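Asker: no sequence on this one, just coordinates:
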């Protein structure tokens, strides 16, 4: 389904002033507003023309494995060729290796357009971008020359190989081993599972980034190193990595989720020995932002279908009298509960999009600036990453389910297309770290371990956004709510920290509720910024533009009045403490 | 997956004393505790032996349509034959027509065992029971003889034919017409969609109960009549009703969801002309309870898988130190957030089961008693029906999703079996009236139109349950919470009623939040009863039984402390009023 170009432009220009942001970064050839619009338009032509038609096809056909060869759904390969030829793969890569050198956040806009059109297809190049960022940060100059260039051109694709059958969230249990060879390379042996885009027919070569253990490496995550294992080795010979199976999944059928068997496959160490987890996090943190974005894109596409349906489908009369008396019934968009379902989706999708665009600027500052500014941005990004990954995916799943609900029985039928988004999105709360893992990351690593530095930075932004909204003629009350929320949030973090000092289980017991609370608070802040910008723009607008801006203001109010109160439930749950989770033994918990 | 026989027995005997209940109804041959246990055991042997193996098969194979003939998945027909031969179809039917005359609630226990084993299969006989109840209440003696007997024996099955392409929630828009024939029968012409079990190969005949319009019938629901349209007519000739298509759905693949074309098919009027909607509600209300039960069963099966996995899967160490130091990692059941996911499931599944068992007794009283007692029970059941249908299905979907989450990436793989429950359950918040329709039914028809009579009856039970819990040595604080909640609930109903008098849209705007609030309040009441019974039973128990009862008490506390606070969010949302939903025009709502 089409992305919302109008909303993308409004956020890009009116709320976050991306052209000004790029100038402030001091990058060469900072793209101005006109260039941004034209990149967006051209990308949108590609994604709507080439990718959107593949979404249903990918779901219906899935991927096939025959004699170790994976065939992607019809049309996937042609679209990938178009993607490479259009230069889309290299948009934000390093010029030294053939990239076009645009700031990273530009890739997010492209990713958004692609994901809205076809999420399963987008995962193939998406994994490449992860590999690019890891190699860019940790590869040797020689490795960059050998592997980064063809990845950036799109000639080759990449993967992340972490998970093993017995090692999921706990990567430290991984057993894949790497034995040094005489020529400085390594023989990598082991089985990796759940490898997205692990084998396919879109590109000539696949660069697997594999976590494995060197001989005598320490146990756990401190003994894990990162290796490049190319499907086709540098000398052109086929490496001994094979696809043993592809998984039958709930959704994302168009993307091949592979079991990969490495049998003394030739690999090349990336960076220092035993620093593989650290290197992998470079990839993973970028990937986590993208997974949050995937959630928003799937929810956007489902919302778009639901809005069309709600305007067309005639069922029952409005409780306050017929709204379309010339028709046999009113369009269902007149009914309050249908509106609740639609506004919930808008509040999540558009609030989430605003959050991604905000984070895109923070990420740019973290990589492009230096010194204190970069450090502040890094701390902020570290703090925001689990919130974006954890809460946007949870809420996006809710949102897409609301879209099914708008369709009623028709939403359960595959032909309508809306249920696919629910099945596709279900993985987003799991891969790249489950919501539970994000909760622990936020509360443990990003708050308690660093004395809440990222939260403190962000609370400053909350106050700023709240103060701006308090100047509004019509939304000042929401600004007050936001400030009160910010104060409460800070106190909650302090209190949880206090309990954790007495009992470490309190961290795990509070983590997901704290995560969700934080997500609602961050979205409230985003909605405050959007509302201020919408009110400003409304002053000199008319017609459809006016409808759009008034819809924005109404959705902001809806968010504050009907979704934000969920923070009270999360607050009460986390304040109830760990005893109601940990006070019973495993036998009692299982005896039912 | 296996149903929880232990929990079924505990509720049946220790919490709700079903044997005493049957005695109090004064029915002939009231089943005692021993008979109940033996029915349960025998039914469980049938469902585990014959049905459980079909669940995955049904999902993978689906139903096939060839030249109008629907073939159900392998094994479905044999299991149906076993069901009929075992006498399970006739358990609670009228003895005059070959039924065994046991109280209706017995059928609920059977339905539970069957649904836990294979929901898609269970829908075939399930629809028959709906047809039986409608014919029993509204059919002529001749019709009962002709159709009720073979339905009760299971020789034939039944359907409900309401929905048309343009008439879903708004049944009044139905266009199917019935023209009188010279011999007193009718020629029924029209297209019905989404007809569960509409065509299949399990039985020799299918009795369709069809809503259609007589010539010159008034518009809307007041012009709808009910007809029996048998697939094979009484004279043995094939009637002109055909299956035009079967739907490809998100889940429930084992059940054939049919488009049925009636082309001057011979039909027989049931009851009075133009009273079809009223007749259909006899069927629908019973069906709505069963859909609530379906939710609980799917969630139970998913929970059962999740508990096994949480005990077996080793990942990471407990935050408070290794719990299984001899193993490479601890079983994930030690982690607080995994426990939160599991306890949320238990609180929903076991609380929901208690609610169904409570409602089963109310339903028995409504049909078996007379006068004031029956009237009170009917009012209570009317009030509880939308709550059971609306909230148990919503929460069951959440619960099954939690089960996937416990499995992590493995939960997304079809082979694990857990994701099927999420896909199967997704329809339960839609069919037999969406959650939105349940919300309107509760707040509009069951509260405002009857001055809250059902709620008032139930609030009496809340106070009773709260008072009993306040006597508890360890749970008295929960009793106090429950009483406060009851008071708040009553006030909320009054306030919403007040707003509705000024603006009818307030009903629709508050309806689903009021529904969910009510669901949490009803579950709290059920958990209070369960906690009281568990504490009582704990006094003279030991070993595994003790674990079970302590788990019950812990789950009750978890429910009150971690789930019940969600009422605050629903309260705030409904108190925010209709303006944030209705204050923007459809163009603004759609402009994004």
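Answerer: In hand now; what should we look at? This structure is a prediction, so every number in the text was calculated from the model and none was measured.
Asker: can you list contacts of stretch A:266-283?
Answerer: By CB atoms under 8 Å, 6 or more residues apart in numbering or on different chains, the residues outside stretch A:266-283 that reach it are A:130-131, A:133-135, A:137-139, A:143, A:160, A:162, A:171-172, A:178, A:181, A:185-188, A:209-212, A:214, A:217-218, A:221-230, A:233, A:239-240. C-betas here are computed from N, CA, C, even on glycine.
Asker: How far does it stretch from one end to the other?
Answerer: 22 Å (CA to CA, to the nearest Å).
Asker: Next: stretch A:178-195.
Answerer: Stretch A:178-195 has an end-to-end distance of 19 Å (criterion: CA to CA).
Asker: Same question for stretch A:6-20.
Answerer: In terms of CA to CA, the two terminal residues of stretch A:6-20 are separated by 19 Å.
Asker: same deal with stretch A:191-206?
Answerer: One end of stretch A:191-206 to the other measures 17 Å (CA to CA).
Asker: Can you give me the buried ones in it?
Answerer: Residues A:191-200, A:202-203, A:205-206 are the ones in stretch A:191-206 that count as buried (16 or more other CB atoms under 10 Å in any protein chain shown).
Asker: I'd like those laid out as CSV, including pLDDT and secondary structure.
Answerer: Converted to CSV, the buried residues of stretch A:191-206 look like this (pLDDT from 0 to 100; DSSP: H, G, I helix; E, B strand; the rest coil):
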residue, pLDDT, secondary structure
A:191, 98, strand
A:192, 98, strand
A:193, 98, strand
A:194, 97, strand
A:195, 97, strand
A:196, 97, strand
A:197, 97, coil
A:198, 98, coil
A:199, 98, coil
A:200, 98, coil
A:202, 98, coil
A:203, 97, coil
A:205, 98, strand
A:206, 98, strand
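Asker: Pick out whichever of these sits closest to residue A:439.
Answerer: Taking CB to CB as the measure, residue A:439 lies nearest residue A:194 of the buried residues of stretch A:191-206, at 21.0 Å.
Asker: how about stretch A:175-186, does it reach chain B?
Answerer: No. Stretch A:175-186 stays clear of chain B (CB under 8 Å from any CB of the partner chain), getting no nearer than 9.8 Å.
Asker: Could I get the average pLDDT for that stretch?
Answerer: The average pLDDT for stretch A:175-186 rounds to 98.
Asker: And for stretch A:6-16?
Answerer: Taken as a whole, stretch A:6-16 has a mean pLDDT of 97.
Asker: So for it, what gets flagged as buried?
Answerer: Applying 16+ other CB under 10 Å to stretch A:6-16 flags A:7-13, A:15-16 as buried.
Asker: among these, which are in reach of chain B?
Answerer: Counting by CB under 8 Å from any CB, residue A:7 from the buried residues of stretch A:6-16 sit close to chain B.
Asker: Just the ones in helices from the buried residues of stretch A:6-16, please.
Answerer: Those of the buried residues of stretch A:6-16 mapping onto helices are A:7-9, per DSSP state H.
Asker: Nearest to residue B:541 among the residues you listed?
Answerer: Minimum distance to residue B:541 across these is 59.6 Å, recorded for residue A:7 (CB to CB).
Asker: separation between the closest one and residue B:74?
Answerer: Residue A:7 is 49 Å from residue B:74, where distance means CB to CB, to the nearest Å.
Asker: The closest residue to residue A:147 other than its chain neighbours: what's it in contact with?
Answerer: Spatial nearest neighbour of residue A:147, excluding adjacent residues (CB to CB, 6 or more residues apart in numbering or on different chains): residue A:207 at 5.3 Å. Applying CB under 8 Å, 6+ apart to residue A:207 gives the contacts A:128, A:131, A:147, A:151, A:156-159, A:228-231.
Asker: Beyond the helix or strand containing residue A:207, next helix or strand please.
Answerer: Residue A:207 belongs to strand A:205-212 when assigned by DSSP states H and E. For strand A:205-212, the succeeding helix or strand toward the C-terminus, using DSSP H and E, is strand A:225-230.
Asker: Show me what residue A:210 bridges to in the sheet.
Answerer: Beta bridges link residue A:210 to residue A:161, residue A:227 when assigned by DSSP bridges.
Asker: okay, it: pLDDT?
Answerer: As predicted, residue A:210 sits at a pLDDT of 97.
Asker: likewise residue A:31?
Answerer: 94.
Asker: So it is in contact with residue A:39, correct?
Answerer: Yes. With contacts counted by CB atoms under 8 Å, residue A:31 reaches residue A:39, the gap being 7.1 Å.
Asker: Give the residues shared as contacts by these two.
Answerer: Each of residue A:106 lies in contact with both residue A:31 and residue A:39 under the rule CB under 8 Å, 6+ apart.
Asker: got the contact list for the closest residue to residue A:527 other than its chain neighbours?
Answerer: Nearest residue to residue A:527 in three dimensions, chain neighbours excluded: residue A:556, at 4.5 Å (CB to CB, 6+ apart). Neighbouring residues of residue A:556 by CB under 8 Å, 6+ apart: A:475, A:478, A:527-528, A:530-531, A:534.
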